[in-house]
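Participant: all I have is the shape, not the residue letters:
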């Protein structure tokens, strides 16, 4: 039996284009002699459609698309993901399922049993846990079919058993010849390794081949990395698709041989791919072609502009330099040099006149107008206004440039540098910003001026300001933030990891105090295990004391 | 047996003050001869703590607080809500529960079985559905104890059975003498009637008295309305607490008599209470005392300022008038008159100089600077900057003034009139804004100038602009929005309700196109069945066609 793994990039709610893509990939697989073509979870509607799932018309269009797709498939069997109606008279009205279609007929349904409801996942909001699973026999082979989370049940790789049911164990009762899992599993740092370990364990424990087909593409803040693969009970990778790109690969069940693409393994490479793909898909899906970025001469805006240039093309990126009285000459030169190296358009709009007109107005209202937080924020907000005016006038998507470290501690101005449609680096810690920038300069092209790496980070909103006047050094800050935000450790636990109590307290207080800024921030690609955005849900008003009395 | 219903307002994460409040209310009940004092769902931590539930230190502090509370209670039994650890070795690590404590000992636990996971509820994100329910016998009476959603299982009042388990039916096996439900059930229009009908049905069907104790207070965008009550199997209200205020009422099980507060029944009254309470609690919990509001002379800012004055006191509200070249003299006069009638401070900052300085800069960049969307947004953004500068300088909370109708169709400027910490009217349709304003003028004090009601709504961002040049009349718009957003009807279904196809399409397109603005908007009180905010989760990038071909 020859099997195709069709790792496709779908658009949420674009039923016609999604099913046309499924049809064209399966036609291609048929031409190449395949018997079966497998598509990712929820390929018909795109994943995740979120509250569109509560919209009757969306549900109807989805069911129509499933019928249309099924009747269009001919000469090859397909497995694809789609949500369908829950046939019970109670529970959530939908179930998430893998469907098997052959000769114009839907002849197998496997409902997803384990529904992730944590971090960015809300599946129990929409779906009832599946119970139905038709025994699936195709060309004499029994297929153990599962959907995404169904394989995330494990006592070895995962910290806690979240579910009372083990779908793989249940399916073993049918003595399957091989397993298939269709997924929409988003990228995050190190997740590929966990996923592979999980598949290896399942393959070893069951003694069966596992075929894993994952979604690919950016969907708002999620980026699916593809990396579909086939693994043997001996933990050998028998086939492997591309990372971060659509792909169609073939695997022969008899010879146990398949296509194997080699993907680079560097962290920086995968982050760069994730950010580029997510930006490209977001821009396109929202109907933009061009992006505009405020260039400060610093490393964050340099990296943002560079990735935009890589993802969208040099002709589609506009840089804007907006010097204030506190902007150094070096910053202007570095920003200009960056734009030149990237080959992007650049325009300069000094903010001093606007800044002066506000100060003048404020001097009549406030008793004193010093250089303080108010005037610092004001400069950032004038720049925000200018970028938004360019967006309004020219139709460019504004990319905000803040990194995760800044976002975490609120070292950013709401309605200022936080304006924009997409915050490309919002899940990239500052220390990683440097690493990706260095990787690009070394491996792709020497785009980013050396001084952007060398100089001390500064917001340049007051004379001689340096980030480290207000914050701990970034290498310390990023470690504390990792333990607090990603690992969920408490202040006491972080201090036990060797960090100074005062610094830890300061950082945690800053994180809590700036929750309101993040709540109004643009979305950006999630690449870590805990990004800001809808996977992290904190109240704004509370009075939780983060520290033991001993620490105070 | 004399029972106290203690309807308390807790603060999320403020364990000490929450348990002190429980202790002081139960002391008071004891003094008044009560045997049992009942508190709302999750009173120890406050509800909803959201992702604090994933924070180990928060969980530990909560468990400590439960122990401290239990050992402090003496001479009276209490039922209170708190989350506890899931004792199974799989599933979500916590369960939501009602706890029974007496003589310093925790002697009964009833885990919540039905976990709402829709709209603003995410309980399956944190909790495992309960299984444990100790038979609860107190002074010879068997109590049927349930938590909030456990009673929201019904074939009469609710459109679909969401759950496969009926907790009331299960508890009937113990032949309870009466039922208790502890809730954190948020206010929304008409919900009180549904809740009462549900309780009446349960009391009738079981033939038992139902004691219902609800949370009260504002928690970010949620406002809990109290309205705790006791209902007889004959559908008689035997006791009733205040709406929108803390309360402690008594009910005698033998005589079937209890305290009964009379609350006004007008919709406008309840909305006004909900908005005031939510604003007051949000302001206080976030550490603010004062609010600042841009006064345009229109009805939205007039109502916002009026409610702020009612909720926070006249000395804590600052109005800012920010005329542009397009602001009419009438608007300035109306804003001044409003401020005078409210007795609040007011300051005037014309935006013309700033506006001019931007236009000057733009004229060097853009080929043409006409009065267009760019310059309209610019004016709104200059005003946003001024309000934020006042907030930075003086520590006031900025209240944004947009109503739900504007927010729905995106008739508002991101980073302009959308700036602020709290969007008081963001779930109030424009037609309801007028009704609440009229109600205040008639029933409380004649605060709002008559011309604010009479004149045609206008953003005054270009010469002679009227909202109805860009939008359908608000009475039509609000009906379409209600059917689309609250009722979830499709375009076709709305047209079948008698609305013009072209208008319906226009409105739906505007709603979809402006999703990105709402995603970055401040939070505001949820008062309808579907508010913008975290109870409504749509992707930003998608390509869903809302209409049949027939409609296009």
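Facilitator: Received the coordinates, thanks. Predicted model only: the values in this text are computed from it and were never measured.

Participant: tell me what the host helix or strand of residue A:338 is packed against?
Facilitator: In the assignment (DSSP states H and E), residue A:338 maps to helix A:329-342. Secondary-structure packing of helix A:329-342 (3 or more CB pairs under 8 Å, 6 or more residues apart in numbering or on different chains; DSSP states H and E): helix A:299-312, strand A:317-321, strand A:345-348, helix A:450-454. For the C-beta atoms, the positions are set from N, CA and C on the backbone; glycine is no exception.

Participant: does the helix-or-strand element of chain A with minimal mean pLDDT come close to chain B?
Facilitator: Lowest on mean pLDDT, DSSP states H and E among the helices and strands of chain A sits helix A:467-470, with a mean of 88. No - residues of helix A:467-470 contacting chain B under CB under 8 Å from any CB of the partner chain: none, with a closest distance of 15.6 Å.

Participant: got it, and stretch A:486-500?
Facilitator: Yes - Stretch A:486-500 comes into contact with chain B (CB under 8 Å from any CB), by way of A:488-493.

Participant: apart from its neighbours in sequence, what residue is nearest residue A:256?
Facilitator: The spatial neighbour of residue A:256 that comes closest, neighbours along the chain excluded (CB to CB, 6 or more residues apart in numbering or on different chains), is residue A:238 at 5.6 Å.

Participant: so which residue of the stretch 351-500 of chain A comes closest to chain B?
Facilitator: residue A:490 (3.6 Å; CB to the nearest CB).

Participant: what helices or strands is the least confident helix or strand of chain A leaning on?
Facilitator: So helix A:467-470, by 3+ CB pairs under 8 Å, 6+ apart, packs with no helix or strand.

Participant: which strand or helix spans the closest residue in space to residue A:281 that isn't next to it in sequence?
Facilitator: Spatial nearest neighbour of residue A:281, excluding adjacent residues (CB to CB, 6+ apart): residue A:218 at 3.4 Å. For residue A:218, the enclosing helix or strand under DSSP H and E is strand A:216-219.

Participant: contact residues of the stretch 201-350 of chain A facing chain B?
Facilitator: So the stretch 201-350 of chain A meets chain B at A:218-220, A:281-282, A:285-286, A:347, A:349-350 (CB under 8 Å from any CB).

Participant: just to check, the residue of the stretch 351-500 of chain A closest to chain B is in contact with residue B:52?
Facilitator: No - using CB atoms under 8 Å, residue A:490 is not in contact with residue B:52; the gap is 11.6 Å.

Participant: what sits against residue A:403?
Facilitator: A:300, A:425-426, A:428-430, A:433 (CB atoms under 8 Å, 6 or more residues apart in numbering or on different chains).

Participant: can you tell me the closest non-neighbouring residue to the closest residue to chain B within the stretch 251-400 of chain A?
Facilitator: Of all residues in the stretch 251-400 of chain A, residue A:285 sits closest to chain B, at 3.4 Å by CB to the nearest CB. Residue nearest to residue A:285 in three dimensions, not counting chain neighbours: residue B:541, with 3.4 Å by CB to CB, 6+ apart.

Participant: so what's the residue count around the one you found?
Facilitator: Using other CB atoms under 10 Å in any protein chain shown, the number of residues around residue B:541 comes to 26.

Participant: likewise for residue A:75?
Facilitator: Neighbours of residue A:75 using other CB under 10 Å come to 12.

Participant: where's the residue lying closest to it once chain neighbours are set aside, which helix or strand?
Facilitator: Spatially, and ignoring its direct neighbours in sequence, residue A:75 is nearest to residue A:30 (5.2 Å; CB to CB, 6+ apart). Element membership for residue A:30, per DSSP H and E: helix A:15-31.

Participant: quick one: residues in contact with that helix.
Facilitator: So helix A:15-31 is contacted by A:4, A:6, A:8, A:10-11, A:37, A:39, A:43-46, A:61-62, A:64-65, A:68-69, A:72-73, A:75-76, A:78, A:80, A:248, A:250, B:543 (CB under 8 Å, 6+ apart).

Participant: change it to 6 Å
Facilitator: A:4, A:6, A:8, A:10, A:37, A:39, A:43-44, A:61, A:65, A:69, A:72, A:75-76, A:78, A:80, A:248 (CB atoms under 6 Å, 6 or more residues apart in numbering or on different chains).

Participant: swap in stretch A:109-118?
Facilitator: With CB under 6 Å, 6+ apart, stretch A:109-118 has contacts from A:95-99, A:123-124, A:127, A:129-130, A:132-134, A:145, A:147, A:149-150, A:163, A:165, A:167, B:124-125.

Participant: excluding its backbone neighbours, what's nearest the residue of the stretch 451-552 of chain A found nearest chain B?
Facilitator: Nearest residue of the stretch 451-552 of chain A to chain B: residue A:544, at 2.7 Å (CB to the nearest CB). Leaving aside its chain neighbours, residue A:544 sits nearest to residue B:13 (2.7 Å; criterion: CB to CB, 6+ apart).

Participant: with residue A:58 instead?
Facilitator: residue A:52 (4.4 Å).

Participant: what stretches of the stretch 451-552 of chain A score poorly on pLDDT?
Facilitator: Along the stretch 451-552 of chain A, segments meeting pLDDT under 70 span A:549-552.

Participant: let's see 50
Facilitator: The model of the stretch 451-552 of chain A has pLDDT under 50 over residues A:552.

Participant: residue A:399 and residue A:31, how far apart?
Facilitator: 41 Å (CB to CB, to the nearest Å).

Participant: which of these two has more neighbours?
Facilitator: residue A:399 (27 against 10).

Participant: contact partners for the more buried one?
Facilitator: A:291, A:293, A:304, A:420, A:422, A:424.

Participant: what about 7 Å?
Facilitator: A:291, A:293, A:304, A:308, A:420, A:422, A:424 (CB atoms under 7 Å, 6 or more residues apart in numbering or on different chains).

Participant: one more: residue A:379?
Facilitator: A:324, A:351, A:355, A:461.

Participant: name the SS class of it, please.
Facilitator: helix (DSSP: H, G, I helix; E, B strand; the rest coil).

Participant: in helices, which of the contacts of residue A:379 fall?
Facilitator: residue A:355 (DSSP state H).

Participant: of the contacts of residue A:379, which is the most crowded?
Facilitator: residue A:351 (24 neighbours).

Participant: my read: that one touches residue A:381, true?
Facilitator: No - in this structure residue A:351 lies outside contact range of residue A:381 using CB atoms under 7 Å: 9.8 Å.

Participant: per-residue confidence for residue A:67?
Facilitator: For residue A:67, the model assigns a pLDDT of 97.

Participant: same deal with the one 3 residues further on?
Facilitator: Per-residue confidence for residue A:70 comes out at a pLDDT of 97.

Participant: how about it: what's its closest non-neighbour residue?
Facilitator: Nearest one to residue A:70, counting by CB to CB, 6+ apart, is residue A:101 at 4.5 Å.

Participant: got the phi and psi for that neighbour?
Facilitator: Main-chain dihedrals, residue A:101, degrees, to the nearest 10: phi -130, psi 140.

Participant: how much space is there between it and chain B?
Facilitator: 23 Å (CB to the nearest CB, to the nearest Å).

Participant: ok, what's across the strand from that residue?
Facilitator: residue A:78, residue A:106 (DSSP bridges).

Participant: now do the same contact list for it.
Facilitator: Per CB under 7 Å, 6+ apart, neighbours of residue A:101: A:70, A:73, A:77-78, A:107.

Participant: if I look at the residue nearest to the spatial centre of chain A, how far off is residue A:48?
Facilitator: Centre of chain A computed as the mean C-alpha position; nearest residue by CA atoms, centre = their mean is residue A:222, 3.0 Å away. Per CB to CB, residue A:222 is found 7 Å from residue A:48.

Participant: again, but for residue A:296
Facilitator: In terms of CB to CB, residue A:296 sits 34 Å off from residue A:48.

Participant: please apply the same query to residue A:460.
Facilitator: 40 Å.

Participant: which of those two has more residues huddled nearby?
Facilitator: Neighbours were counted for residue A:460 and for residue A:48 using other CB under 10 Å; residue A:48 has more, 24 against 21.
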